[in-house]
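Undergrad: Kindly return the folded structure for what I paste below:
(chains A and B)
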Amino acid sequence: GNSVTQMEGPVTLSEEAFLTINCTYTATGYPSLFWYVQYPGEGLQLLLKATKADDKGSNKGFEATYRKETTSFHLEKGSVQVSDSAVYFCALANAGGTSYGKLTFGQGTILTVHP
Amino acid sequence: EAQVTQNPRYLITVTGKKLTVTCSQNMNHEYMSWYRQDPGLGLRQIYYSMNVEVTDKGDVPEGYKVSRKEKRNFPLILESPSPNQTSLYFCASSLGHRTTEAFFGQGTRLTVV
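TA: Below you'll find the model as predicted:
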């Protein structure tokens, strides 16, 4: 079956530090890969996505590249801000059958950025 | 504004007392689902629906029911809640294709005592 593994958290950084959150996946076929972000007290919202191998998703200074050879989709940002403090979820969606539209999530990584 | 609305946001109830969490979306999405979020486990799918009157079990359906009588609404029903159903619940909707974004409600924090 499908699975997503994220690096253990929580992650604590100072403002302007470089961020990497690792994500690896197991899936059959050709999944799409997503990063969702959950700000305190809110629901999840899409941060970025990539739908095929070697695609790079980007948004708000965050980037992630779909690496099929290493089954990875690591999230990076060159300079984090206090406002980036949130929980980050890596997820995949597969096609067809009972996987129709379903998202499989990693366990989430709590990011705290200090001034 | 495109949105998924869940109610209530917070709920404390007692074991065995039936409850319903409502979910409504205004994007005409066919695919809707319920997830529960627990520390260290991420989000796990409870039930999903591909269209009106079409529902099926997700990964953790025990103790839950759903219905889809209208396209916009997808309520989650706990007929006899137990303490192990204490969790944060999210409703989501999407076009259902693997490449499309899912939109989430703000969550319902349920405590069963």
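Undergrad: start to end distance for stretch B:20-38?
TA: This stretch, stretch B:20-38, spans 20 Å end to end (C-alpha to C-alpha, to the nearest Å).
Undergrad: residues of it that come out buried?
TA: If you call a residue buried by 16 or more other C-beta atoms under 10 Å in any protein chain shown, then stretch B:20-38 has these buried ones: B:21, B:23-25, B:29-37. Yep, even glycine has a C-beta here, placed from its N, CA and C like the rest.
Undergrad: Check these and tell me the two furthest apart.
TA: Taking C-beta to C-beta as the measure, those span a maximum distance of 23.7 Å, between B:Glu30 and B:Gln37.
Undergrad: Pull out whichever of the buried residues of stretch B:20-38 are also neighbours of chain A.
TA: Restricting the buried residues of stretch B:20-38 to those touching chain A (C-beta under 8 Å from any C-beta of the partner chain) yields B:Tyr31, B:Ser33, B:Tyr35, B:Gln37.
Undergrad: residue contacts, the spatially closest residue to B:Thr108 that is not a sequence neighbour?
TA: Nearest in space to B:Thr108, with sequence neighbours left out and distances taken as C-beta to C-beta, 6 or more residues apart in numbering or on different chains, is B:Tyr89 at 4.6 Å. By C-beta atoms under 8 Å, 6 or more residues apart in numbering or on different chains, the contact set of B:Tyr89 is B:Gln6, B:Val21, B:Trp34, B:Tyr35, B:Arg36, B:Gln37, B:Ile46, B:Leu76, B:Gly107, B:Thr108, B:Arg109, B:Leu110.
Undergrad: now, which of those sits nearest A:Thr20?
TA: Proximity of the contacts of B:Tyr89 to A:Thr20 was ranked by C-beta to C-beta; the top entry is B:Gln37 with 23.5 Å.
Undergrad: quick one: secondary structure of the closest one?
TA: For B:Gln37, the assignment made with DSSP: H, G, I helix; E, B strand; the rest coil gives strand.
Undergrad: List the residues that contact it.
TA: Residues counted as contacts of B:Gln37 (C-beta under 8 Å, 6+ apart) are A:Gly108, B:Leu43, B:Arg44, B:Ser87, B:Leu88, B:Tyr89, B:Phe90, B:Gly107.
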